[in-house]
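**Student:** Make a model of this:
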Amino acid sequence: MKAIIINEFGATDKLIFTELPQPVIKDDEVLVKVHAISINPVDVKTRAGKGMAGRLKDQMPIILGWDISGVVVTTGAAVAHFKEGDEVFGMVNFPGHGKAYAEYIAAPAAHLAKKPASITHQQAAAATLAPLTALQVLRDKANLQPGQRVLVHAAAGGVGHFVVQMARHLGAYVIGTSSAANKDFVLSLGADEHIDYRNQRFEEVVKDVDLVFDAVGGELIGRSIAVVKPGGKIISIPSAVPAEVAAKAQAAGVEAFFYLVQSNGRDMETLAGWLDKGILRPYVNHYDFSQMAIAHQQQETGSTRGKIVLTIA
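**Tutor:** Model (predicted):
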């Protein structure tokens, strides 16, 4: 099968195209013929030696990637809810060794859901790690309620554009930051307000939010404390919250913490229902599997609208 491996961490020239045997599945897994994959910031960070590199460094050669959509080829002996020919999608083995940059993948059945017939494999691949993160943060970690106010940093990005849609669906008032070029896009997703982060300091125009969803990290975590009401939360997904920032937040009556998404097939089923109903709409940037290096370079710019998806012929 076609696959992309890395033998060492580094730049995009470490992405090596190769041929590997098809994986052998365990009793609780399914073999999936992959039609499309999507990539995330964690992919490029891991390739460069950060991200999940610490967890995976002893498993070289590594097959990067976690987000897939494809068709079930065979099922393990303990798998009852999928069969050969089912179209499935999911985020596989995260955080761990996903092995998604390949023509076939051995995926735990518990990490997958059936792909709605109403969306393409490319749309399904886009709707994996990113909206799973949004769902687990908004529902489980923030307990978002109708009428609450949410500030979404990087609202046009891979995770952010799902957060805006999901928060609005859950009844929140949504404020999104992005460049001016993405203003109309962010508002079209359902945001009530837009802030051009290049020309406005959000803390000067926003106040009394219940939740800050931070998909950027760095100084934004500390700057966000001023806009959150007491009892509110700042949840960061790209980086840990420095101890001094967490202490400052606590002094203001605000909880600030990092969250790492987990593979979950039941949550994928929730997403499948919302995708089928058009509640969630992935924005997809299309690439071919042979363009993986270019896709990684685009992801590294930090200015991609929506999700990067690669089709495997």
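**Student:** all contacts plus neighbour counts: C-alpha atoms, from now on.
**Tutor:** Noted.
**Student:** Quickly find the element holding the residue nearest to residue 246 when sequence neighbours are not counted.
**Tutor:** Leaving aside its chain neighbours, residue 246 sits nearest to residue 256 (5.6 Å; criterion: C-alpha to C-alpha, 6 or more residues apart in numbering). According to DSSP states H and E, residue 256 maps onto strand 255-258.
**Student:** What segments of the stretch 101-250 of the chain are strands?
**Tutor:** 104-108, 112-114, 149-153, 173-178, 193-196, 209-214, 228-236 (DSSP state E, counting those that start in this stretch).
**Student:** quick check: angle from the longest one to strand 149-153?
**Tutor:** Between strand 228-236 and strand 149-153, the angle comes out at 40 degrees (axes from the mean of the first three to the mean of the last three C-alpha atoms, to 10 degrees).
**Student:** Pull the distance from stretch 42-58 to the chain's centre.
**Tutor:** Mean-position distance between stretch 42-58 and its chain equals 16 Å (C-alpha atoms, centre = their mean, to the nearest Å).
**Student:** For the strands of the stretch 101-250 of the chain, state which one has the densest average packing.
**Tutor:** For these, the largest average neighbour count (mean count of other C-alpha atoms under 10 Å) is found in strand 149-153, namely a mean of 28.
**Student:** chain center to that one, what's the gap?
**Tutor:** Here the centre of strand 149-153 is set off from its chain's centre by 17 Å, with C-alpha atoms, centre = their mean.
**Student:** Tell me, how many residues neighbour residue 17?
**Tutor:** When counting by other C-alpha atoms under 10 Å, one arrives at 16 neighbours for residue 17.
**Student:** and the helix or strand harbouring it, which strands flank it?
**Tutor:** Residue 17 belongs to strand 16-19 when elements are defined using DSSP H and E. Strand pairing for strand 16-19, determined by DSSP bridges: strand 2-5 (antiparallel).
**Student:** Which positions within the partner strand qualify as buried?
**Tutor:** Buried residues in strand 2-5, defined by neighbour count with 16 or more other C-alpha atoms under 10 Å: 2-5.
**Student:** on that earlier part again, quick check: buried residues in the strand holding residue 17?
**Tutor:** Those would be residue 17, for strand 16-19 by 16+ other C-alpha under 10 Å.
**Student:** After that strand, which helix or strand is next?
**Tutor:** Downstream of strand 16-19, the first helix or strand assigned by DSSP H and E is strand 29-39.
**Student:** Give the other helices and strands that that following strand contacts.
**Tutor:** In terms of contacts (3 or more C-alpha pairs under 8 Å, 6 or more residues apart in numbering; DSSP states H and E), strand 29-39 is packed against strand 67-75, strand 104-108, helix 121-126, strand 307-311.
**Student:** avg pLDDT for the strand holding residue 17?
**Tutor:** Regarding strand 16-19, the rounded mean pLDDT is 98.
**Student:** again with stretch 249-262
**Tutor:** Mean predicted confidence for stretch 249-262 is 97.
**Student:** No further queries at this time; thank you.
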